[in-house]
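Visitor: Kindly return the folded structure for what I paste below:
(2 chains)
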Amino acid sequence: MKNRLKVLRAERDWSQQDLADQLEVSRQSVNAIETGKYDPSLPLAFKIAEIFTLPIEQIFDPKG
Amino acid sequence: MAKSPAQRAYIRRLAALMSVYMIAIIGGMFAKRAGMLNQPATIAVALLSGVCVAGVFWAIARLIVEEKDEFQRMLIVRQAMVATGFSLSIAAIHGFLSAFDVIAKTDLYWAAVLWFFGLGIGAVVNRIQFGTWGQCA
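Guide: Okay, here's the model as predicted:
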């Protein structure tokens, strides 16, 4: 599943570690999600959406 | 790399179990060679060593239960699955070869050793597929 995590993170000038700290996950987790190697669970996807204050579908593209 | 509370707990448990294991196995071997162990003491030393190894499986199970980072948890589960497939496959093949007297019989605790080796293979598989080794060593 494609996502805009890297772009959204860059817009806010956050490092992967900054985002990982907010999500309370490891930096490796953020990297795996960003690179599309791992699709987050629904609760984690909601948490990501909350942090970026965007709807989930504006972050994740299920067709990707 | 910062360790999660679950990983720190796992390392503490592993260190405690391995300390007792080393004391039991080394102390037991010296005591046995010196003829200081009677039958009940020998059984106790053997059981203590085995229970410590079983404790490592428990520690890994607790790590899976307690780890809050779902990606890290998945890596550990994948490692354990690779380790299980690897060790049981070798145990099965070895078992049939020894049953047909092709090779000598081996002590069963080697299955556990193979499983721990399999965790390392699982870490390599994770590294190839997900770009990270995981944190269960």
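Visitor: Just list the residues touching the residue of chain B found nearest chain A, thanks.
Guide: For chain B, the residue closest to chain A is B:Phe71, as judged by C-beta to the nearest C-beta, at 3.8 Å. In short, each C-beta sits where N, CA and C put it, glycine included. Applying C-beta atoms under 8 Å, 6 or more residues apart in numbering or on different chains to B:Phe71 gives the contacts A:25-26, A:28-29, A:32-33, A:38, A:40.
Visitor: for B:Pro5, same thing?
Guide: B:66, B:68.
Visitor: Can you give me the distance of it to B:Lys68?
Guide: From B:Pro5 across to B:Lys68, the span is 8 Å (C-beta to C-beta, to the nearest Å).
Visitor: again, but for B:Ala99
Guide: Taking C-beta to C-beta, one finds B:Ala99 at 45 Å from B:Lys68.
Visitor: Could I get the buried residue list for the helix or strand that contains B:Leu14?
Guide: Using DSSP states H and E, B:Leu14 sits in helix B:5-33. Neighbour counts using 16 or more other C-beta atoms under 10 Å in any protein chain shown place B:6-7, B:9-10, B:13-14, B:17, B:21, B:24, B:28 of helix B:5-33 among the buried residues.
Visitor: what's the distance between the closest residue to chain B within chain A and B:Met74?
Guide: Minimum separation of chain A from chain B (C-beta to the nearest C-beta) falls at A:Ser29, amounting to 3.8 Å. According to C-beta to C-beta, A:Ser29 and B:Met74 sit 9 Å apart.
Visitor: next one: B:Phe96
Guide: As judged by C-beta to C-beta, B:Phe96 and B:Met74 stand 33 Å apart.
Visitor: These two: which has the busier surroundings?
Guide: B:Met74 (19 against 11; other C-beta atoms under 10 Å in any protein chain shown).
Visitor: Help me confirm that the more buried one is found in a strand?
Guide: No - with DSSP: H, G, I helix; E, B strand; the rest coil as the criterion, B:Met74 is helix rather than part of a strand.
Visitor: Can you give me the pLDDT of it?
Guide: B:Met74 carries a pLDDT value of 96.
Visitor: Might you report the residue contacts of it?
Guide: B:Met74 touches A:Tyr38, counting by C-beta under 8 Å, 6+ apart.
Visitor: ditto for A:Leu44
Guide: So A:Leu44 contacts A:23, A:25, B:70 (C-beta under 8 Å, 6+ apart).
Visitor: Could you say whether it sits in a helix, a strand or coil?
Guide: A:Leu44 - assigned by three-state DSSP - is helix.
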